[in-house]
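# pasted the sequence and its predicted model underneath.
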Amino acid sequence: MGWQGLLRVVDFQALLSSQPAVAAALDKAQRASGTKAPEVKALREAYYLLAKVLWTRRASIQRVHDLAWLDHTVVSAGTRLGRAWEGQEGRFELYAGVVYAMTPERAEHAEIKYAVQSALVAAIKRAGVLCHMLPDGMTVRVDDDTAHEPDALVYCGPKLPGSAIEVPNPVIVVEVLSPSTRHIDASAKLAGYFRIASVAHYLIVDPDQHIVIHHRRDEGDVIATRIVGEGSLRLDPPGLELAVADLFSA
C-alpha cells in the first residue's frame, strides 16, 4: 500500500506516538552501521513514509521536526515551503528547518488583517506607484531553512506570474499580532525579514493597544523603530502614506 492509501486507514495519533521510536531506531542503526547499510536504508524509508503520511494529514500535529541526522530526506534545506504544502489545508511557516502549523486566528485578527490589506491597496492607488499588495498566503523566504507568510506584503515592479507562490522582493511586510505569535513576530521575524535586501519596512500591528510598530531600514545596517498610535505612516520607499486609523477599521 502506498502512502496515499495509508491516509485513509491509519490512526494518526498512533503514528505520531511511534515517530520518536522509529527515529531513535534509525539514529542507533545509522551510528552503528553507517548510512548505507541495508537495515539503515529500510528504516530511513519507513521513517520517510511515516513522516509523509503525518505531514500530509497532520491531525492535531502542531509542529514537525526535520531531523538533521536524516540527511534532510523528508524536508531538505532546499525545500520550497509553498510547494511542500501546496494543496494542503491550513497555513504553515518554516523556521530554522522546522515546519510549524499556524494556529487558527480570532475574528478580530482577521478583521484587522483585512483592514491593513485594504489600506495598503488604497495607498498604492493614491501614490500611483507600480507596486502590488498581496494578502496572507504568499511565502517570503529568508533562507533555505526559514520562510514566513506575512499577513500582508507589498512588492514593486512587474506583477508576479499567476502561478507564483513566493515573493522574492517584498518592500513592505506586515504582521498582525496574536497571542500565539507575539514573541516571534517581534524577535525572530524582525531579524529575519531585514535579512532580505529588498525589505524597507516591517510593520507590526497590535490589535490590543491599537498601535503600529514601524521598523524601517536606515543607512547601513541600522533599523530605525517608531511606535505610532495616531496620525499617519510614511513608507518611503515606495512612497506610500497610511492613516493609522485605517489599519484598525475593518
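Received, thanks.
# surely Glu39 is in a helix?
Yes. Glu39 forms part of a helix when assessed by DSSP: H, G, I helix; E, B strand; the rest coil.
# looking at it, it is touching Ala32, isn't it?
No. The pair Glu39 / Ala32 is not scored as a contact, 9.2 Å apart, by C-beta atoms under 8 Å. For glycine as for every other residue, the C-beta is placed from the backbone atoms N, C-alpha and C.
# quick one, which of these two is more surrounded?
Neighbours per residue (other C-beta atoms under 10 Å) separate Glu39 from Ala32, with Glu39 holding more: 13 against 10.
# who's in contact with the more buried one?
By C-beta atoms under 8 Å, 6 or more residues apart in numbering, the contact list for Glu39 reads Ala29, Ser33.
# how about 6 Å then?
By C-beta atoms under 6 Å, 6 or more residues apart in numbering, Glu39 lies in contact with Ala29.
# quick one: pLDDT of Pro150?
With respect to pLDDT, Pro150 scores 93.
# what about the nearest residue to Gly229 once chain neighbours are set aside, neighbour count?
Once flanking residues are discounted, Gly229 sits nearest to Ile211: 4.5 Å by C-beta to C-beta, 6 or more residues apart in numbering. If you count neighbours by other C-beta under 10 Å, Ile211 ends up with 18.
# what about Ile211, distance to Arg44?
Separation of Ile211 from Arg44 (C-beta to C-beta, to the nearest Å): 50 Å.
# cool, and Ala224?
For Ala224, the distance to Arg44 - C-beta to C-beta - is 48 Å.
# between those two, point out the one with more neighbours.
Arg44 (19 against 10).
# the more buried one - that's part of a helix, no?
Yes. Residue state for Arg44 (three-state DSSP) corresponds to a helix.
# show the pLDDT at it.
pLDDT, Arg44: 70.
# and for Val228?
At Val228, pLDDT is 96.
# enumerate every residue touching the nearest residue to it once chain neighbours are set aside.
Leaving aside its sequence neighbours, Val228 sits nearest to Val212 (C-beta to C-beta, 6+ apart; 4.9 Å). Taking C-beta under 6 Å, 6+ apart as the criterion, Val212 is in contact with Leu203, Val205, Val228, Val244.
# if we use 10 Å, what do you get?
When contacts are counted by C-beta atoms under 10 Å, 6 or more residues apart in numbering, Val212 touches 116, 174, 203-206, 226-230, 233, 242, 244, 247-248.
# equivalent analysis for Ala224, please.
His214, His215, Arg216, Arg217, Asp218.
# quickly name whichever of those residues is closest to Lys159.
Nearest to Lys159 out of the contacts of Ala224 is Arg217 (C-beta to C-beta; 23.8 Å).
# for that closest one, which non-adjacent residue is closest in space?
Of all residues not flanking Arg217 in the chain, Ala200 sits nearest, at 5.0 Å (C-beta to C-beta, 6+ apart).
# count of residues packed around that neighbour?
Ala200 has 21 neighbours, counted by other C-beta under 10 Å.
# got phi/psi on it?
phi -110, psi -30 (degrees, to the nearest 10).
# that one reaches Leu153, doesn't it?
No. In this structure, Ala200 is not within contact of Leu153 by C-beta atoms under 10 Å, at 11.7 Å.
# what touches both of the two?
Counting by C-beta under 10 Å, 6+ apart, the residues touching both Ala200 and Leu153 are Pro170, Val171, Ile172, Val173.
# mind listing what the nearest residue to the first one once chain neighbours are set aside touches?
Spelled out, that is Pro170. Nearest non-adjacent residue to Pro170, counting by C-beta to C-beta, 6+ apart: Leu153, 4.6 Å away. Neighbouring residues of Leu153 by C-beta under 10 Å, 6+ apart: 117, 120, 132-136, 138, 140, 167, 170-175, 193, 199.
# now, of these, which are buried?
117, 120, 132-136, 138, 140, 167, 170-175, 193, 199 (16 or more other C-beta atoms under 10 Å).
# having no further points to raise, I will conclude here.
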